[in-house]
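Student: I'd like to go over a predicted model; first the sequence, then the structure.
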Amino acid sequence: MTSLCGLAASGCLLSCSAAGLFSVTVKIENLAPVNSVSFAPLRVGFGTGSFDAFDQGETATMPIISVAEGGSGSDWFPAFSAAEPGSVLGSVGGALLPGSTASSSFIVDPSVNRFFTFASMVIPSNDLFIGNDDPLEYQILDASGNLLISSILQTGAEIWDANSEALDPANAAFIVGGINSQRTPENGLVAFDFTELDGFNGLTTAAGYTFGNSLTDATDIYRISFSVEAVPESSAAAVPSALALGFLAFRRYRQAQHTR
């Protein structure tokens, strides 16, 4: 489903010059201590830097709540696509446990996909996440496709609290016995704060380990690394038809859902 959404949101590539396409590989690493935080799949977007999912000191929007409270990004993806019709969207990895890595590659056009935006739920939690407040913070490519940023490092101090759902392990994701579909509204403002993690100390995670919050502001918890290579002209020529088929499949899926 997510990959089809990514293809649909990449419709502008149908008219892009084949010579201008690049493959960007995004690698993620969970650097957090053993038995500490894990992460939901990383939701990513390459675009013009105009989609702003949240702002520090403001009430959390539905797009970022859909990441922070359940990790799905069910509102994040459509909002990104609506704000930036030429964006390339997708996900990297599954549940990323301490010490784990994952990677995915994306075909982008640097004339319209220079800026990188990301978001991922911190688990276990009710509404903690990592992500960039400023959509213009990470220009990873120049107009010629040259890599400008090789990696993004996140520390404990960079964990956001959406303050949209009250702390309650019984309603939290990734905790044994937790029912993530239940929630108690908090109605606060988005702020940096990982101290809520203390409320999960000693509880068993869905991965089977006993959680312990040993993070400090300076603890490295997450790294996103980038590598880029030009798409060969022969391969790039096939991209438009592949995207068209993906977009058509996505439209048929949505139509089928609406007729049920």
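Tutor: Ah, there it is.

Student: quick one: Leu197 is in a strand?
Tutor: No. Counting by DSSP: H, G, I helix; E, B strand; the rest coil, Leu197 is not part of a strand but helix.

Student: so which bits of the strand with the most length in the chain are buried?
Tutor: Identified as the longest strand of the chain according to DSSP state E is strand 220-230. By 16 or more other CB atoms under 10 Å, the buried positions in strand 220-230 come out as Ile221, Tyr222, Ile224, Ser225, Phe226, Val228. (Each C-beta comes from the backbone N, C-alpha and C, glycine too.)

Student: model confidence score at the closest residue to Ile123 other than its chain neighbours, please.
Tutor: In space, Ile123 comes closest to Phe174 once its chain neighbours are excluded; the distance is 3.8 Å by CB to CB, 6 or more residues apart in numbering. Per-residue confidence (pLDDT) for Phe174: 93.

Student: before we move on, back to that, tell me the two of the buried residues of strand 220-230 that are most distant?
Tutor: Greatest spacing in the buried residues of strand 220-230, by CB to CB: Ile221 and Val228 (24.8 Å).

Student: helix/strand/coil for Ile64?
Tutor: The local conformation at Ile64, judged by three-state DSSP, is helix.

Student: report the contact partners of it.
Tutor: Ala53, Phe54, Trp76, Ala119, Phe129, Gly131, Ala162, Val190 (CB atoms under 8 Å, 6 or more residues apart in numbering).

Student: at 6 Å what do you get?
Tutor: Counting by CB atoms under 6 Å, 6 or more residues apart in numbering, Ile64 touches Ala53, Phe54.

Student: same thing with Ile152?
Tutor: Neighbour list for Ile152: Ile224 [criterion: CB under 6 Å, 6+ apart].

Student: now do the one 10 residues further on
Tutor: Going by CB under 6 Å, 6+ apart, Ala162 touches Ala60, Ala68, Asp127, Val190.

Student: go again using 10 Å as the cut-off
Tutor: By CB atoms under 10 Å, 6 or more residues apart in numbering, the contact set of Ala162 is 54, 59-61, 64-65, 67-69, 121, 125-129, 131, 186, 188-191.

Student: any of the residues you listed buried? List them.
Tutor: Applying 16+ other CB under 10 Å to these flags 54, 60-61, 64-65, 67-69, 121, 125-129, 131, 186, 188, 190 as buried.

Student: narrow those residues to those in strands?
Tutor: Among those, the members found in strands (DSSP E) are Met121, Leu128, Phe129, Gly131.

Student: any regions of the chain where pLDDT drops low?
Tutor: By pLDDT under 70, the low-scoring segments of the chain are 1-19, 234-260.

Student: give me the most central residue, it.
Tutor: Centroid-nearest residue in the chain, with CA atoms, centre = their mean: Arg43, separated by 1.9 Å.

Student: just give me the neighbour total for the closest residue to that residue other than its chain neighbours.
Tutor: The shortest distance from Arg43 to any non-neighbouring residue, by CB to CB, 6+ apart, is to Gly73 (4.1 Å). Applying other CB atoms under 10 Å, we find 29 residues neighbouring Gly73.

Student: these two touch, right, Gly73 and Thr117?
Tutor: No. Judged on CB atoms under 10 Å, Gly73 makes no contact with Thr117 at a distance of 11.4 Å.

Student: for the two, list the residues in contact with both.
Tutor: By CB under 10 Å, 6+ apart, Gly73 and Thr117 have these common neighbours: Arg43, Val44, Gly45, Ala53, Phe80, Leu89.

Student: ranges for the strands of the protein?
Tutor: So, for the chain - with DSSP E - the strands run 22-30, 38-39, 42-47, 88-92, 101-108, 115-123, 128-131, 151-155, 160-161, 191-192, 220-230.

Student: re earlier: which of the buried residues of strand 220-230 sits closest to Pro110?
Tutor: Among these, Val228 lies closest to Pro110 (CB to CB), at 8.9 Å.
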